[in-house]
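**Q** quick check, what structure comes out for this input:
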Amino acid sequence: MAKAIHMMIRVLDLERSIAFYRTALGLEPADTLDFETFTLVYLRNPEADFEIELTLNKGRTEPYALGEGYGHVAFCVDDLDKEHKRLTEAGLNPQPIKEFYRDGQLLARFFFIQDPDGYKIEILQRHGRYR
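**A** Coordinates of the predicted model:
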């Protein structure tokens with residue numbers, strides 16, 4: 001059986017990205033691998049083994065084109081309203097909270113934020129299938 005272990009995104013400024021993911025999601029560097037032309041930083045928190053791999057290609061100064069294929073990565077929290085307030089106070093500009101219904105039943109409460117490189121992150125209330 002396969003197990004998801006990480007997702008990789010390319011970033012322009014490691015310190016800026018690490019600070020964002022620390023503030024927004026409580027992720028901390030678990031490992032750093034430095035090579036001649038690139039650096040990899042793996043971020044995680046105690047909630048799960050799944051990591052975000054930040055890849056810095058040394059010497060790159062132009063922002064990456066995110067294209068049409070990337071959608072988002074999602075995280076669930078116990079108190080969505082509290083997280084929305086915290087992220088607003090941290091200056092991370094979360095979008096408004098939305099509710100998504102199916103057949104008259106609440107499927108999800110969520111909002112989005114964006115990291116410094118423009119990657120979208122969905123924050124969901126822990127509920128139903130989102131645990």
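**Q** which residues of this structure fall in helices?
**A** 14-25, 80-89 (DSSP state H).
**Q** check which residues of the first one are buried.
**A** Meaning helix 14-25. Residues of helix 14-25 classed as buried by neighbour count (16 or more other Cβ atoms under 10 Å): 14, 17, 18, 20, 21, 24, 25. C-beta here means a position set from N, CA and C on the backbone, and glycine is covered the same way.
**Q** tabulate the helices of the chain (TSV), appending mean pLDDT and distance to residue 57.
**A** Converted to TSV, the helices of the chain look like this (pLDDT from 0 to 100; distance: least, Cβ to Cβ, whole Å):
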stretch	mean pLDDT	distance to residue 57
helix 14-25	97	11
helix 80-89	97	28
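**Q** possible to save those as a markdown table with distance to residue 68?
**A** A markdown table is the format used below for those (distance: least, Cβ to Cβ, whole Å):
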| stretch | distance to residue 68 |
| --- | --- |
| helix 14-25 | 22 |
| helix 80-89 | 26 |
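**Q** which stretch among these approaches residue 6 most closely?
**A** Across these, residue 6 has its closest neighbour in helix 14-25 (12.9 Å, Cβ to Cβ).
**Q** of the buried residues of helix 14-25, closest to residue 113?
**A** The closest of the buried residues of helix 14-25 to residue 113 turns out to be residue 24 (Cβ to Cβ; 6.2 Å).
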